[in-house]
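Novice: Sharing a sequence plus its predicted fold:
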Amino acid sequence: MKLKIACLQMDIAFGDPIKNYENATKLLKKAMEQKPDIVVLPELWTTGYDLTRLEKISDKNAIETIKFLKSAAKNFHVHFVGGSVANQDETGVKNTLLVISKDGKLVHQYNKLHLFRLMDEHLYLEAGNEKGLFELENHQFAGVICYDIRFPEWIRSHTAEGAEALFVVAEWPAPRLPHWKALLIARAIENQCYVIACNRSGSDPNNQFAGHSLIIDPWGEVLAEADEHEGILSTEIDLDRVKDIRKNIPVFDDRKPGFYN
Ligand SMILES: NC(=O)CCC(=O)C(=O)O
């Protein structure tokens, strides 16, 4: 099955959800010219890393962002891996990835498991405790958030359960761009899956972000790569390649889980 993907590599306005909804709408309209099946947004795209003001600007139970994505999904007839949002619930604020199908249904929510201390996430956010597996178009996918890609065992636990493509939503800073690229290519090769990674562009008071959203095939070839500016990265993926590559080098059959998890 072939699917057209569009990543909205946004420049996120710091702590300004209204401006970010407006900008996402503008980019989405542009992305729709390519007729994508799935649109991907970056991490914390409504607020950025304005963590000290989360009490004021976080989205209570992600209601506003879910409403925005459901309405866009139905209007444009497109699935969303809708980035992540600062989601305030009864116990605290989570960094929550949202998956919405083109008929406007909330398919999955994944709360970031690994909090990134270098950007103070552990001081303001609560970690999740569930997997990022979800299904769209009768295929299995996984969605994770930024720092999660440094934990190959976490990613493997999703592909071992059938994920054929890994969606990564991120705010990855420019100084570690070489890590971003190397880690994503490694996750694609070792898991023999597509990797669709949507980063943000621009800067906030503390970081310059890398951009360079990437779409990588299950052989580790980069199919599309953005530059550092705001824009749309779009290409087609063919999920049949996952089956072919897994048959050619049967990594999943050859695993020895008795020796490791
Ligand atoms: N937002 C994040 O999780 C950033 C992760 C990161 O920069 C890294 O180097 O890892």
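Specialist: Arrived safely, thanks for sending. None of the values given here were measured: they were computed from a predicted structure.

Novice: alpha carbons only for contacts and neighbour counts from here, please
Specialist: OK.

Novice: what's around the residue of the chain found nearest the ligand, how many residues?
Specialist: At 3.7 Å from the ligand, Tyr147 is the closest residue in the chain, using Cα to the nearest ligand atom. Neighbourhood size, Tyr147 [other Cα atoms under 10 Å]: 19.

Novice: And the one 4 residues further on, by the same measure?
Specialist: Using other Cα under 10 Å, the number of residues around Phe151 comes to 12.

Novice: cool, and the one 5 residues further on?
Specialist: Arg156 has 17 neighbouring residues, counting by other Cα under 10 Å.

Novice: residue contacts, it?
Specialist: Asn191 (Cα atoms under 8 Å, 6 or more residues apart in numbering).

Novice: Which helix or strand contains it?
Specialist: Assigned by DSSP states H and E, Arg156 belongs to helix 152-159.

Novice: Do you know the pLDDT at Asn261?
Specialist: Listed pLDDT for Asn261 reads 67.

Novice: buried sites along stretch 161-178?
Specialist: Neighbour-count burial for stretch 161-178, counted by 16 or more other Cα atoms under 10 Å, picks out Ala163, Glu164, Ala165, Leu166, Phe167, Val168, Val169, Ala170, Glu171, Trp172, Pro173, Ala174.

Novice: how far away is the spatially closest residue to Gly202 that is not a sequence neighbour from Asn95?
Specialist: Nearest residue to Gly202 in three dimensions, chain neighbours excluded: Asp11, at 5.0 Å (Cα to Cα, 6 or more residues apart in numbering). The gap separating Asp11 from Asn95 is 18 Å, by Cα to Cα, to the nearest Å.

Novice: tell me what the helix or strand Leu183 falls within is packed against?
Specialist: Per DSSP H and E: Leu183 is located in helix 177-191. Where contact means 3 or more Cα pairs under 8 Å, 6 or more residues apart in numbering; DSSP states H and E, helix 177-191 is packed against helix 152-159, strand 194-198, strand 214-216.

Novice: The helix or strand following the last one pairs with which strands, parallel or anti?
Specialist: The helix or strand immediately downstream of strand 214-216 is strand 222-225, counting by DSSP H and E. Listed by DSSP bridges, the sheet partners of strand 222-225 and their directions read strand 214-216 (antiparallel).

Novice: Help me confirm that Ile5 is found in a helix?
Specialist: No: counting by DSSP: H, G, I helix; E, B strand; the rest coil, Ile5 falls outside a helix, being strand.

Novice: quick revisit: mind putting the helices and strands packed on helix 177-191 into JSON lines with mean pLDDT?
Specialist: As requested, the helices and strands packed on helix 177-191 are exported to JSON lines (pLDDT from 0 to 100):
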{"stretch": "helix 152-159", "mean pLDDT": "98"}
{"stretch": "strand 194-198", "mean pLDDT": "99"}
{"stretch": "strand 214-216", "mean pLDDT": "99"}
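
Novice: highest average neighbour count across the ones you listed?
Specialist: Across the helices and strands packed on helix 177-191, the average number of neighbours (mean count of other Cα atoms under 10 Å) peaks for strand 194-198, which reaches a mean of 30.

Novice: now the helices and strands packed on helix 177-191 as a markdown table including distance to the ligand?
Specialist: Putting the helices and strands packed on helix 177-191 into a markdown table (distance: least, Cα to the nearest ligand atom, whole Å) gives the following:
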| stretch | distance to the ligand |
| --- | --- |
| helix 152-159 | 12 |
| strand 194-198 | 12 |
| strand 214-216 | 16 |
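
Novice: Can you name the residues that contact Ala86?
Specialist: Going by Cα under 8 Å, 6+ apart, Ala86 touches Leu44, Thr46, Thr47, Leu54, Ser58, Asp59, Ala62, Val93, Lys94, Asn95, Thr96.
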